[in-house]
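> any chance you could fold what I've pasted below:
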Amino acid sequence: MSESCGQTHEPRTRWGLVIGCLGAGCIVSVLAAAGVVAAAVFGFLSLLKGSGAYELALERIQESAAVADAIGRPVEPGWWVMGHVQYSDGSGSAGLTIPLRGPKGKAIAYVEAARERGQWRLVSLRVVIRETGETIELLKPSGTEDMRPPPV
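Next up, the predicted model:
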């Protein structure tokens, strides 16, 4: 009887070992793929956050009294920045969406920037307060800086 017990357990043990190894191999493959995806996402977010357009926009946002009044200080960026940054030979463009949070609430910043002769310049920067829907324009529309009433 002990031989029959040994014979019946041996095939199950072999199949269990095979299935266990296949399962472990699948798990390792899935974990490796997840690691590659995570590294790609982290790299992409680092590129966006490391751009001059992001830094310039965040500086302007954090200096804004209107944004601070709406969501409180400190104004902190969220980690999930979305958008694009393109540049070569000293010129380029960027369009970013930056989540923001403060002690009194949350907001989203929408940024458009241009790079000319190696320098980033903000083209459009608005912050939308999540709780109220209020939009805060942080740049004057193009051309309005020179608009003055005619002399009398």
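
> so Q62: helix, strand or coil?
Of the three states, Q62 takes helix according to DSSP: H, G, I helix; E, B strand; the rest coil.

> dump the residue contacts of it.
74-75 (Cβ atoms under 8 Å, 6 or more residues apart in numbering). (Each C-beta comes from the backbone N, C-alpha and C, glycine too.)

> what is the burial count for E116?
12 (other Cβ atoms under 10 Å).

> specify the beta-bridge partners of it.
Q119 (DSSP bridges).

> my read is that it contacts S91, right?
Yes. At 5.6 Å, E116 and S91 qualify as touching, with contact defined as Cβ atoms under 8 Å.

> for the protein, name the helix or strand with the lowest mean pLDDT.
For the chain, the helix or strand with the lowest mean confidence is helix 2-49, at a mean of 58 (criterion: mean pLDDT, DSSP states H and E).

> so which helix or strand takes in E55?
helix 52-63 (DSSP states H and E).

> send the alpha carbons of that helix over as CSV?
Extracted in CSV, the C-alpha atoms of helix 52-63 (Å, rounded to 0.1, in the frame of the first residue of the first chain):
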residue,chain,number,x,y,z
GLY,A,52,11.5,75.3,-17.7
ALA,A,53,7.8,75.8,-18.6
TYR,A,54,6.7,73.8,-15.6
GLU,A,55,9.1,75.6,-13.2
LEU,A,56,8.1,79.1,-14.6
ALA,A,57,4.4,78.4,-14.3
LEU,A,58,4.7,76.9,-10.8
GLU,A,59,6.7,80.0,-9.6
ARG,A,60,4.0,82.3,-10.9
ILE,A,61,1.2,80.2,-9.4
GLN,A,62,2.9,80.1,-6.0
GLU,A,63,3.5,83.9,-6.0
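
> tell me the mean pLDDT over that helix?
In this model, helix 52-63 has a mean pLDDT of 94.

> okay, buried residues for that helix please.
Neighbour-count burial for helix 52-63 flags 52-54, 56-58, 60-61 (criterion: 16 or more other Cβ atoms under 10 Å).

> with distance to R101 added, can I get the residues you listed in CSV?
Formatted as CSV, the buried residues of helix 52-63 follow (distance: Cβ to Cβ, whole Å):
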residue, distance to R101
G52, 23
A53, 20
Y54, 16
L56, 20
A57, 16
L58, 13
R60, 17
I61, 12
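
> thanks a lot, see you next time.
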